[in-house]
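**Q** What follows is a predicted protein model with its sequence.
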Amino acid sequence: MPNSLTPGERELIATYVSYLNGCHFCQSIHGAVAAAHLDGDEELVRRVKADFQHADVSNKLKALLVIASKVQQGGKIVVAADVEHARSLGTTDVEIHDTVLIAAAFCMYNRYVDGLATIQPCDEAMYRERGKMVTRDGYVSVSKTYLPAEPVNGRRIEWHILHSLKDCPGSALLSRIAPRRQSPCANITVALVSPLIGILLDRFPPRRIILPGILVFAVVLATLSRLTPHIVQFYATFFVIGLVANATARFAYTRTILTWFTTHRGMVLALLLTGSGSILISPLTEWMIQHHGWRNGFLLLSGIAILGFPLTVLLVRNRHEAAVVRAEHHGDMGITVPSALRTAAFWILAFIIIL
């Protein structure tokens with residue numbers, strides 16, 4: 001039997017049921033897909049949710065929405081008169097079947113999404129762009145690389161950001177990249193540049209390395225809030241992050257600590273490496289993403305990064321070189337790099353750090 005329901009009509013049914021169930025994510029994303037199928041008519045989607053009987057849709061679709069709304073309340077609420085009325089308007093049994101299936105399925109989807117407390121971005125522009133992408137590429141193409149990469153509990157903030165990033169206007173480029181391959185460019189660059197950062201920290205006061213690194217890092221994070229679908233921009237951004245990441249990381253500050261402390265270095269380094277700031281940064285960024293979108297999440301991280309600039313200016317001081325020499329004169333002067341590379345202890349430590 002023929003099935004004349006258009007993709008836009010199917011999405012409207014899904015959107016309406018999700019609206020009745022109060023599922024923000026499902027009604028937003030499927031409303032955006034419906035609008036994209038309907039030549040961008042977002043106002044029609046809003047009217048269907050508010051009062052479909054007075055919306056500019058066919059009488060056949062109105063009859064199907066009646067059936068869908070009753071399925072949402074309970075399958076047994078649908079009666080023969082509802083079906084006969086839909087048939088009298090030219091609806092086929094296949095279309096009635098599909099309407100019931102869509103309504104029932106989305107009752108499950110809505111409860112699944114809300115029951116797991118899934119992150120539901122509030123950025124309407126994100127839903128709009130995602131809707132256009134689904135309309136253009138189809139659900140299978142868009143969704144096949146979007147499998148969860150982290151458990152519900154103990155989630156890392158990086159995953160939250162990238163998870164939200166998948167739904168951005170730049171998500172077309174991310175559909176070509178598996179979630180766990182989002183920043184190989186940054187990771188490789190960090191590995192290659194770290195020795196150079198170490199050499200610079202040995203030759204110059206750490207502040208001269210850390211401060212420019214903070215500025216560049218903050219600016220790059222801010223540019224991520226303006227990410228576009230261009231793959232070159234994506235990789236270039238993470239390449240720059242890789243260049244400056246370790247200039248702002250803990251080991252850059254470690255260089256200063258090593259000039260000031262001798263007998264209590266272990267305790268001071270332990271305090272430095274606790275990463276206590278992430279205790280506040282992670283939930284704060286998650287809140288920002290949930291309530292104000294992933295773009296503002298990146299702006300928040302950029303602002304947090306720039307806070308390190310005045311703190312570094314005020315607190316990071318290299319001990320005078322003569323004092324360092326006098327302090328180390330009474331202790332172990334250390335060994336050269338070639339000598340260290342020939343020791344088992346060096347390679348054991350390197351193996352542990354890599355793990």
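**A** Everything's here; your move. Numbers count the residues shown, from 1 in each chain.
**Q** Same question for the longest helix along the chain: list its buried residues.
**A** In the chain, with assignment by DSSP state H, the single longest helix is helix 277-315. Buried positions in helix 277-315, judged by neighbour count with 16 or more other CB atoms under 10 Å: 281, 285-286, 288-290, 293-302, 304-306, 308-309, 312. C-beta: built from backbone N, CA, C; applies to glycine.
**Q** How about stretch 209-223?
**A** So for stretch 209-223, counting by 16+ other CB under 10 Å, buried means 209-211, 213-218, 220-222.
**Q** For that stretch, give the mean pLDDT please.
**A** For stretch 209-223, the mean pLDDT works out to 90.
**Q** So which residues make contact with that stretch?
**A** By CB atoms under 8 Å, 6 or more residues apart in numbering, the list of residues contacting stretch 209-223 from outside reads 197, 200-201, 237, 240-241, 243-245, 247-248, 252-253, 298-299, 301-303, 305-306, 308-309, 312-313, 316.
**Q** Stretch 239-252 too?
**A** Applying CB under 8 Å, 6+ apart, the contact partners of stretch 239-252 are 183, 185-190, 192-194, 197-198, 201, 206, 209-210, 212-214, 216-217, 220-221, 272-273, 275, 305, 308.
**Q** How far off centre is it?
**A** In terms of CA atoms, centre = their mean, to the nearest Å, the centre of stretch 239-252 is found 21 Å from the chain centre.
**Q** quick one: pLDDT of residue 318?
**A** Per-residue confidence (pLDDT) for residue 318: 66.
**Q** and what of residue 26?
**A** Taken from the predicted model, the pLDDT recorded for residue 26 is 93.
**Q** so it touches residue 110, yeah?
**A** Yes. Counting by CB atoms under 8 Å, residue 110 is a contact partner of residue 26 at 5.3 Å.
**Q** what touches both of those two?
**A** Contact criterion CB under 8 Å, 6+ apart; residues shared by residue 26 and residue 110: residue 18.
**Q** what's the least confident helix or strand in the chain, going by average pLDDT?
**A** Every helix and strand of the chain was ranked by mean pLDDT, DSSP states H and E. The lowest is helix 171-174, at a mean of 35.
**Q** Could you report the neighbour count for residue 90?
**A** Applying other CB atoms under 10 Å, we find 12 residues neighbouring residue 90.
**Q** measure it to residue 82 for me?
**A** In this structure, residue 90 lies at 15 Å from residue 82, with CB to CB, to the nearest Å as the measure.
**Q** do residue 228 as well
**A** Separation of residue 228 from residue 82 (CB to CB) stands at 47 Å.
**Q** higher neighbour count, the two?
**A** Neighbour comparison, residue 228 and residue 82: the larger count goes to residue 82, with 18 against 13 (by other CB under 10 Å).
**Q** Residue 66 is in contact with that one, correct?
**A** Yes. Taking contact to mean CB under 8 Å, the distance of 6.0 Å between residue 82 and residue 66 places them in contact.
**Q** any residues touching stretch 27-45, and which ones?
**A** Residues contacting stretch 27-45 (CB under 8 Å, 6+ apart): 6-8, 11-12, 14-15, 18-19, 49, 55-57, 120, 124, 127-128, 130-132, 134-135.
**Q** From residue 218, how far out is residue 308?
**A** In terms of CB to CB, residue 308 sits 8 Å off from residue 218.
**Q** got any ranges where the stretch 51-200 of the chain has weak pLDDT?
**A** 140-185 (pLDDT under 70).
**Q** With only the CA atoms kept, save stretch 100-110 in CSV.
**A** In CSV, the C-alpha atoms belonging to stretch 100-110 read as follows (Å, rounded to 0.1, in the frame of the first residue of the first chain):
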residue,chain,number,x,y,z
VAL,A,100,1.7,4.5,15.8
LEU,A,101,5.2,3.2,15.5
ILE,A,102,6.8,6.7,15.5
ALA,A,103,4.7,7.7,18.5
ALA,A,104,5.5,4.6,20.5
ALA,A,105,9.1,4.6,19.6
PHE,A,106,9.5,8.2,20.7
CYS,A,107,7.9,7.6,24.0
MET,A,108,10.7,5.2,24.6
TYR,A,109,13.4,7.5,23.1
ASN,A,110,12.2,10.4,25.3
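**Q** Grab the nearest non-local neighbour of residue 89.
**A** The spatially closest residue to residue 89, leaving aside those adjacent along the chain, is residue 60, at 4.5 Å (CB to CB, 6 or more residues apart in numbering).
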